[in-house]
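Q: Only the shape, not the letters, is given here:
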């Protein structure tokens, strides 16, 4: 098998640069392109390690170490968490890119290098876009701890609903929603307060409970009421609908 070293170096340089740019954009590292360029050149030169006549496992270890050095050149070292995140995202991007290209190569019978090079940025662009979308969605999911007046607590999976802007006009407290079944065995609703609310179809009164506080993201909030709604059935393991005011706060 004939290996063209110059072509191999160019291909690896381009792929390394694309992967480093992916890490830079996804993790918002804001690293100057010059550092990424230098790191990519170093990464492409490590390809020459395949010419070493050594054990394949040792070669793998050497390539991993060289990859870590490439990351240090590009992003430097700030702390262990920062470095590990860089490593994880680099290898996740590598696996995704390699997997897609291998699939296309099998499907289209030895896909030509120019075509694979043109497809690689598209694959990584889609990956970056999906990562951003996922992060945005995940930010809406919150762990909620509700403390009642009787000091009983209830842990729920909350979702920050941008459409929930319910507020009691009398007490000026914001309202989070749960289903009545969620409170079974925790809190016995005897005399709730009724808050007038406007829905798309009509006007109604929402039974609410005065609570001691709620804890979201380790922050304690006291200006909230617990609205009990039979219409809210929960979804995707979510059993508490948070108020948009939490997002603004």
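A: Nice, thanks for sending it over. Quick caveat: nothing in here was measured; it's all calculated off a predicted structure.

Q: buried sites along stretch 55-74?
A: In terms of neighbour count (16 or more other C-beta atoms under 10 Å), stretch 55-74 has its buried residues at 66, 67, 70, 71, 73, 74. Where C-beta positions appear, they are placed from N, C-alpha and C, glycine not excepted.

Q: is it true that the fifth one touches residue 38?
A: Yes - taking C-beta atoms under 8 Å as the contact criterion, residue 73 and residue 38 are neighbours in contact, 6.0 Å apart.

Q: Residue 238 bridge partners, please.
A: residue 235 (DSSP bridges).

Q: Can you give me the neighbour number for it?
A: 19 (other C-beta atoms under 10 Å).

Q: ok, now the one 4 residues further on?
A: Residue 242 has 26 neighbours, counted by other C-beta under 10 Å.

Q: buried sites along stretch 82-92?
A: When burial is assessed from 16+ other C-beta under 10 Å, stretch 82-92 yields the following buried residues: 83, 85, 86, 89, 90, 92.

Q: Contacts made by that stretch with the rest, please.
A: 19-20, 22-23, 26-27, 29, 67-68, 71-72, 75, 77 (C-beta atoms under 8 Å, 6 or more residues apart in numbering).

Q: Which single one of those residues is nearest to residue 127?
A: Residue 127 lies nearest to residue 22 out of these, by C-beta to C-beta, at 6.7 Å.

Q: which residues touch the closest one?
A: 89, 93, 124, 127, 128.

Q: Please dump those into CSV; it should also carry distance to residue 227 for every row.
A: Converted to CSV, the contacts of residue 22 look like this (distance: C-beta to C-beta, whole Å):
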residue, distance to residue 227
89, 40
93, 43
124, 44
127, 40
128, 38
